[in-house]
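**Student:** Here is my input; please provide its structure:
(one chain, ligands or ions: 1)
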Amino acid sequence: MIKKRKNSIERIGRQIYPLRVFGLILFSISIVLSQSKLGLGFDAWSIIAIAICLIYPHIGLLWYLKDECRETEIKLMQIDMALVGVLIGVINFNPAIALPYLIANSAANYALRGMKQVVHGLSLVFITTMLVFIFRDQPAVTQADSIELLSPFLYLIIVTHYMGHLSYMRGVSLLRRKIDAEETSKLDFLTGLNNRRSMFDKARLNDKDPKANDHDTTLIMADVDHFKRVNDTHGHNHGDAVLIQVSELIKSSLRGTDVVARWGGEEFLVLLTKTNIEQGVSVAENIRETIANKPFIYDGVEHKVTLTLGIATYGANSNFEETIQRADKALYEGKESGRNRVVTFDPALV
Ligand SMILES: Nc1nc2c(ncn2[C@@H]2O[C@H](COP(=O)(O)OP(=O)(O)OP(=O)(O)O)[C@@H](O)[C@H]2O)c(=O)[nH]1
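**Tutor:** Numbers count the residues shown, from 1 in each chain. Sure thing, here's the model as predicted:
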């Protein structure tokens, strides 16, 4: 799973990589042409600017291979902002260039991680601009000349924002797939109910909720009676259909805050939040009656099944795992005493 995710991130990085290289090579050419048009020649600053353009995409790809897509974009955007600061210093604060660049980058920062990211980015711009200002005696170009540099900057804005959009779209679809995979791993394949692992997670959440601790939590362990007969008489498909029907009926008898899981083959565990034992018995009776009174037809055969249900309750003095065992003992008692009934845990059963 982790490997698969890494592969997807790698793919995104590789797809964006050629675009970044392409955009930045064109940008380097633009710098060279603008410099020669302005008769500025090559100083150390232009060589640094071109070197950054050529190295930048490789750093991006390396990060994509190591990190989450969004984290990589955040890092790249921080570099962008630092470079914007350098450029603003170099172009002698020409607002015609600085403003569109600052606005476009701030908007991209905002889209990625809100105001926090904008403040962070603008601080980087300020720091690097000040560094250029301090360490450079003469500005590279005058304000009037620097307008000539506007076209390559605009070009860079378009390319970087197109790439940002592409990686954002990829990131969203990757995240969606990840969430789907996580959700699927928590569900029982046949019935779509929670599986054991998911029930444990939800019970843990309920136990941690301080509001839930002021109330009892009730567990119902329900088991289909003589289920083996359904399989033996009509085949596994009929057995599966019965399990699906039972799951749906149990689910429809519960509140939104309750949790139901397929606990084993034909066994279901229900967790009733903020429910005492009397209320729990009433819910369990309702489930039992609903299923006993709702025969259904599958593949031309009428199925009528019953459930036996064991109930136990816990508050601050006990926990989920211990209570499952108690509900299980009550269920066993129900099976022993004739099935199709609700049995409350009795400490004398221990
Ligand atoms: N069709 C189907 N059968 C399953 C599934 N999981 C478990 N079973 C069957 O469920 C049956 C359970 O049988 P038993 O444990 O003997 O219980 P029972 O027949 O319900 O009898 P009591 O619980 O004592 O009333 C077995 O035949 C299993 O093969 C499943 O996913 N689909």
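**Student:** Just want the residue of the stretch 51-200 of the chain that's nearest the ligand.
**Tutor:** The minimum distance from the stretch 51-200 of the chain to the ligand, using CB to the nearest ligand atom, falls at residue 190 (5.5 Å). Glycine gets a C-beta too; all of them are placed from N, C-alpha and C.
**Student:** What residues does this structure have near the ligand?
**Tutor:** For the chain, the residues in contact with the ligand (CB under 6 Å from any ligand atom) are 190, 223-228, 231, 236, 239-240, 243, 265-266, 335, 339.
**Student:** redo that, cut-off 8 Å
**Tutor:** 190, 223-232, 236-240, 242-243, 264-266, 308, 335, 339 (CB under 8 Å from any ligand atom).
**Student:** follow-up on the earlier one: can you tell me the SS state at the residue of the stretch 51-200 of the chain closest to the ligand?
**Tutor:** Following DSSP: H, G, I helix; E, B strand; the rest coil, we place residue 190 in the coil state.
**Student:** how deep is it tucked in, by neighbour count?
**Tutor:** By other CB atoms under 10 Å, 14 other residues sit near residue 190.
**Student:** which ones are touching it?
**Tutor:** Neighbour list for residue 190: 240, 243, 244, 262 [criterion: CB atoms under 8 Å, 6 or more residues apart in numbering].
**Student:** What subset of those residues is buried?
**Tutor:** 243, 244, 262 (16 or more other CB atoms under 10 Å).
**Student:** Inside helices: which ones of those?
**Tutor:** Per DSSP state H, helices hold the following members of those: 243, 244.
**Student:** hey, where'd the helices end up in the stretch 151-300 of the chain?
**Tutor:** Applying DSSP state H, counting those that start in this stretch to the stretch 151-300 of the chain gives helices spanning 196-208, 210-213, 227-234, 236-252, 277-292.
**Student:** Can you tell me how far the nearest residue to residue 121 once chain neighbours are set aside is from residue 132?
**Tutor:** Among residues not flanking residue 121 along the chain, residue 81 sits closest, at 3.9 Å (CB to CB, 6 or more residues apart in numbering). Distance check for residue 81 against residue 132: by CB to CB, to the nearest Å, it reads 14 Å.
**Student:** Buried among the residues of the chain next to the ligand? Need that as a selection in ChimeraX.
**Tutor:** This is the ChimeraX syntax for the buried subset of those, where burial follows 16+ other CB under 10 Å:
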select :223,224,225,227,230,231,238,239,242,243,266,308
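**Student:** Poorly predicted segments of the stretch 151-300 of the chain, please.
**Tutor:** Applying pLDDT under 70 to the stretch 151-300 of the chain flags the ranges 151-172, 174-175, 210-213.
**Student:** separation between residue 294 and the ligand?
**Tutor:** 18 Å (CB to the nearest ligand atom, to the nearest Å).
**Student:** likewise residue 317?
**Tutor:** 31 Å.
**Student:** Where does that residue sit: helix, strand or coil?
**Tutor:** Residue 317 - assigned by three-state DSSP - is coil.
**Student:** now swap in the one 5 residues further on and tell me
**Tutor:** When states are read from three-state DSSP, the local structure at residue 322 comes out as helix.
**Student:** That one touches residue 328, doesn't it?
**Tutor:** No. Counting by CB atoms under 8 Å, residue 328 is not a contact partner of residue 322; they are 10.7 Å apart.
**Student:** So which of those two has more stuff around it?
**Tutor:** residue 328 (19 against 11).
**Student:** sorry, back to before: can you report how many residues neighbour the residue nearest to residue 121?
**Tutor:** There are 26 residues near residue 81, going by other CB under 10 Å.
**Student:** Any idea which residue is closest to the centre of this protein?
**Tutor:** residue 179 (4.8 Å; CA atoms, centre = their mean).
**Student:** what's around residue 294, how many residues?
**Tutor:** Neighbours of residue 294 (other CB under 10 Å): 14.
**Student:** Excluding sequence neighbours, find me the nearest residue to it.
**Tutor:** That would be residue 249: by CB to CB, 6+ apart, it lies 6.3 Å from residue 294.
**Student:** before we move on, what about residue 197?
**Tutor:** Residue 197 sits nearest to residue 186 (CB to CB, 6+ apart), 6.6 Å away.
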